[in-house]
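# coordinates for the following, if possible.
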Amino acid sequence: MPARLGNVGTNPRFALLILALVAATASMADEGLLRLTIDNDNRDLGCMLAAGVDPRTERLANLMALIRNDVALTACYARFSPVVSWWRPAIVLIVLLVSAAGLFLALPWWRARRTRPIIGEADHTVLRELMTRAGIDQGSVRFVVDPSAMTSGAVAFGRPGSYTVSLHAGLLARRQADPAGFTAVVLHELAHVRAGDVRLAYATTALWRVFLIIVLLPFATANGRILARELFGWSEARSLFWPGAAPILVRELALAGALTLLVTVTRANLLRHREHQADLAAVRWGGEPDVWSRYVEQGPRRLRDLWSSHPSWQSRRTAIERAAAPGETALPMVLTGAATLFVTAVVSDLPTDFGLRGDWSMAAAVLTGLLAGSIVVGTVTPTNGVRAGLWFGLGLVLAEAVLNRIDGNQWLPSRPWMLLALPLFAVFTCRLAAELTALWRRWTVARVVLTAFVLAGWLLWWEHIGKLLVLGHLIHDQAVLAQLGRLGQVGGQTVPLLLAMSANLIGFTTVPLWPASATAACLVPLVVSVFLGGSRPSLPKVLLAGLAGGALALLLNALALTYLHSQIRPPIDARALAFVVTLFLIFTTLAGVIPAALWTAWRAVRFRLLTTLAVTALSVTVAAFGIFLMLGLDGCLGPVNLVARSCSWKAWFGASWPQPIVAVLVPSVPVVAVVALLPFNVRRSEWAGGFLTETGRSVRRGALVLVAAVVPVLLTVAGLPTDGGVSLGFRSTAEITDVPAVTRASSELRAAQAAAWLQYGGGALLMQYGNDLEELGNDLKLKSPNGELDEKKAIPRLRALVADIQRIRRYFQLPDPPMQRHWSAAIDALDRDVKTMLTAAEQDDSASFEKGLNHLLTSSRQIMDIAQELISLAAKTSADTYHY
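As a prediction, the model looks like this:
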């Protein structure tokens, strides 16, 4: 077996490591250049204050403020806060790569500076024979000796086409006395050369050292300088963003430290694996295993092993005895998870950082999905999927914790328990890969593609929806209640709560790639195995469980439609009807599918996840087809009718519901995944005593049948109107559908927000409006020859006022909510009055024109009064608003 074959699994990890460094260069160079080369006085912070951002409140409330003012914020950034042009970080990246390439070429020269050529012909003869054993062409490797090294070691360095193996003088001197030791050491180094270890080790060393100097240190220095300035009072003025910015700056520094740790530990872990492979290759080529028994440890290694590029001698001896490198799971999967989320997040955000168009999240998810999927497939075994997934998920959580995306100016995220979604999808992916390993043992490429496809779908979901859930951005039950109210008295307090959970699951259908990847995870493994044969889940059992789950879901769907039929009152709002019916059907379908999934997960011994997903797909398909028939026959089914009053086949109505299969199947996958991954791993033989042979099996079956029958009924009954409080043990609906608390802003903050509102465009808009209003008055002073107002002369100025009002509408809302309500009413009145005057002027309607003019003067006074109040409020600010 060639040595290179044993190292294929580490190549994707090296690629992911290099990609992480390149992505970090682009992202960190963006911030570093903004801080060091562009003197913009942090005017983006002024734009944020003008938009209503409160440095003290939680991130979601601020995010909602920015979203409400999205158009104005974009215009403000474009005018006042310059974005680093994409070519500047590109130049930094080019400098990084060129410098790394130069260092890569210089390092071998530096290593060779003290070496000397080997003179003895006998030594050359032995070395040529060892090269032949290793399958390396003569002349492709140069041997030298390091006279200053008296130990019995060696080192390989160089670049493709020009490799060098430097033998320590102590090793060369003992060649004849210890030929076995000499042979083992040289073959080990030749294995490194043949496997490409030298190339990868020196490439990552060069890239990391250059990245450290050019990118990481300036980035950490820029953020550390700001943090120190505020901590130690070196700033001349006090900022409203302090101490709110402290968590952000601390996490920026933590990100630099975490990236250092990630690169250092990952590189060391990869090189240790390569050392094991080189040992095994040397033994295969004739090295004596006893040689490795001569070496002993020097001091404790437990902590040192984490950073060391060489494994312990005990570990190396064990690997040789087993003829296989240690199957490490924990550390590689933690590192892979951290690198995966880091690369996905950074690449997804690059267009925003550089003012580019487009969404790069899909490209980022697919790229990292392929690399991470390859690593997962190469790491998991049929028995360690859940364990590997937990470590993988830990890495994802650690990366998100330092990425400054879910915390903002808080030390901890608002809804930290939502981070558990990351370990969930990590365990799902790794367990899927583990079962595919047993199912498709010889189809490595197929396993990698499907695992990568599913992982990319999960990553996209996290980028689009998951991280917002951590912020608390859930569909609130009040939003569902508003839709229910349009249909009549539907539900009490519990129905909106339960339907809100279904509404949040619908988000899965909106994520690019996720519907396709979820469907593939459910159906592809079973379908391929059925047609191509081999080991697979029991098809009859899958069909039986799937049909049973579908039948139960159909029954619950019929009950839901019956309930809605009894509650809906005309007139019917079509959009509200579609929304509510879809939520009901998703909830009741899940209530029918979950018992089938529970039963399948309990009974399955092998392929638990794949079998459960297949049963889910079949159950949902049966239920969706039933939904199509029931709604297509609406009007013919008596109490199950929804809205139709006459009986006829309405195929268009049955098919009009949004993606009837995908809209239910896609949200089912994460829910059923939780069921399938429950700890059903107790072996039958571990049940105590003979009691649990036949009797116990019957009891378990009876209990599960009872659960399968009772749980859906309880869930459905829980959705009916109740006079009491919210059920399910929640004290209030806000416990599962949180919205950000609105904090009462301080007078100092309101003053700073008002000042920013005026400074970053509001003042100019008011001045422009005042000038145009004054010009309108001047125009109206010019009488017509008969001494009357000449409305035609006012038309250009009235059109200018209409444009002014539209610009004011597009600008930021006022920072004070009560003031904003008066402002909105005054702007609406102003817009109506100006348009009335414009229409009257165009139609020569003098009476309407004069009436509109009187109203315009009244509305303008209201606007100016509010503006004066805003100016007075802004005059109270004393803080240096626009720096950290």
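# what residues go with each domain of this structure?
108-198, 497-511+522-530+538-725, 747-874 (automatic domain parsing).
# just give me the lowest mean pLDDT stretch among the ones you listed.
Confidence, taken as mean pLDDT, is least for domain 497-511+522-530+538-725 of the domains of the chain (a mean of 69).
# could you dump the domains of the chain to CSV with distance to His276?
C-beta here means a position set from N, CA and C on the backbone, and glycine is covered the same way. Listed next are those as CSV, based on distance: least, C-beta to C-beta, whole Å:
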stretch, distance to His276
domain 108-198, 11
domain 497-511+522-530+538-725, 30
domain 747-874, 59
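# now Val165: which helix or strand?
strand 162-168 (DSSP states H and E).
# again, but for Asp137
With DSSP H and E as the test, Asp137 turns up in no helix or strand.
# count of residues packed around it?
8 (other C-beta atoms under 10 Å).
# the one 4 residues further on too?
In terms of burial, Val141 registers 21 neighbours under the definition other C-beta under 10 Å.
# if I pick it, what's in contact with it?
Met131, Tyr163, Thr164, Val165, Leu190, Val193 (C-beta atoms under 8 Å, 6 or more residues apart in numbering).
# got phi/psi on the residue nearest to Arg111 when sequence neighbours are not counted?
Nearest residue to Arg111 in three dimensions, chain neighbours excluded: Phe157, at 4.8 Å (C-beta to C-beta, 6 or more residues apart in numbering). Taking degrees, to the nearest 10, you get phi -150, psi 180 for the backbone angles of Phe157.
# could you do Val155 as well?
Val155 has phi and psi values of phi -150, psi 140 when expressed as degrees, to the nearest 10.
# wait, doesn't it sit right on Leu171?
No - Val155 lies out of contact with Leu171 (C-beta atoms under 8 Å); the separation is 10.6 Å.
# would you map the strands across the stretch 151-300 of the chain?
154-159, 162-168 (DSSP state E, counting those that start in this stretch).
# and for Ala388, the neighbour number?
25.
# of the contacts of Val141 - the most surrounded one?
Ranking the contacts of Val141 using other C-beta under 10 Å puts Leu190 first, with 27 neighbours.
# what's the spacing between that residue and Ser140?
Leu190 sits 10 Å away from Ser140, going by C-beta to C-beta, to the nearest Å.
# about what we covered before: quick one, what contacts the residue nearest to Arg111?
Leu107, Pro108, Arg111, Ala112, Tyr163, Thr164, Ser166, Val198, Tyr202.
# let's have these in a markdown table, adding distance to Leu543.
A markdown table is the format used below for the contacts of Phe157 (distance: C-beta to C-beta, whole Å):
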| residue | distance to Leu543 |
| --- | --- |
| Leu107 | 62 |
| Pro108 | 63 |
| Arg111 | 65 |
| Ala112 | 68 |
| Tyr163 | 59 |
| Thr164 | 64 |
| Ser166 | 66 |
| Val198 | 55 |
| Tyr202 | 57 |
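# and which of those residues is nearest Thr379?
Ranked by distance to Thr379 (C-beta to C-beta), those are led by Val198 at 24.3 Å.
# now do the same contact list for the closest one.
Val198 makes contact with Ala156, Phe157, Gly158, Tyr163, His192, according to C-beta under 8 Å, 6+ apart.
# recalculate using a threshold of 6 Å.
Ala156, His192 (C-beta atoms under 6 Å, 6 or more residues apart in numbering).
# ok, it to Pro332 distance?
Val198 is 22 Å from Pro332, by C-beta to C-beta.
# between Val155 and Leu171, who's got more neighbours?
Shown here are Val155 and Leu171; by other C-beta under 10 Å, Leu171 has more neighbours (22 against 16).
# roughly how far out does the helix or strand containing Ala755 sit from the chain middle?
Element membership of Ala755, judged by DSSP H and E, is helix 747-757. Between the centre of helix 747-757 and the centre of its chain there are 34 Å (C-alpha atoms, centre = their mean, to the nearest Å).
# could you check the pLDDT of Thr743?
pLDDT for Thr743: 49.
# so what does Pro117 have for phi and psi?
phi -60, psi 150.
# same question for Pro382.
phi -60, psi -10.
# for it, which non-adjacent residue is spatially closest?
Ala438 (4.1 Å).
# gap between the one you found and Leu231?
55 Å.
# circling back: and the residue nearest to Pro382, how many neighbours?
15.
# immediately after whichever strand or helix holds it, which helix or strand?
Assigned by DSSP H and E, Ala438 falls within helix 421-439. Using DSSP H and E, the helix or strand that follows helix 421-439 in sequence is helix 444-461.
# now do that following helix: everything it contacts.
Contacts of helix 444-461 (C-beta under 6 Å, 6+ apart): 344, 365-366, 369-370, 372-374, 376-377, 425, 429, 433, 436, 440, 511-514, 517, 520-521.
# at 8 Å instead, please
So helix 444-461 is in contact with 340-341, 344, 361-362, 364-366, 368-370, 372-374, 376-377, 425, 428-429, 432-433, 436-437, 440, 507-508, 511-514, 516-518, 520-521, 524-525, 528, going by C-beta under 8 Å, 6+ apart.
# would you list the strands of the stretch 151-300 of the chain in JSON lines and tack on distance to Val265?
Formatted as JSON lines, the strands of the stretch 151-300 of the chain follow (distance: least, C-beta to C-beta, whole Å):
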{"stretch": "strand 154-159", "distance to Val265": "22"}
{"stretch": "strand 162-168", "distance to Val265": "27"}
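# quick one: distance of the longest helix anywhere in the chain to the chain centre.
Secondary structure assigned by DSSP state H gives helix 246-284 as the longest helix of the chain. A distance of 22 Å separates the centroid of the chain from that of helix 246-284, by C-alpha atoms, centre = their mean.
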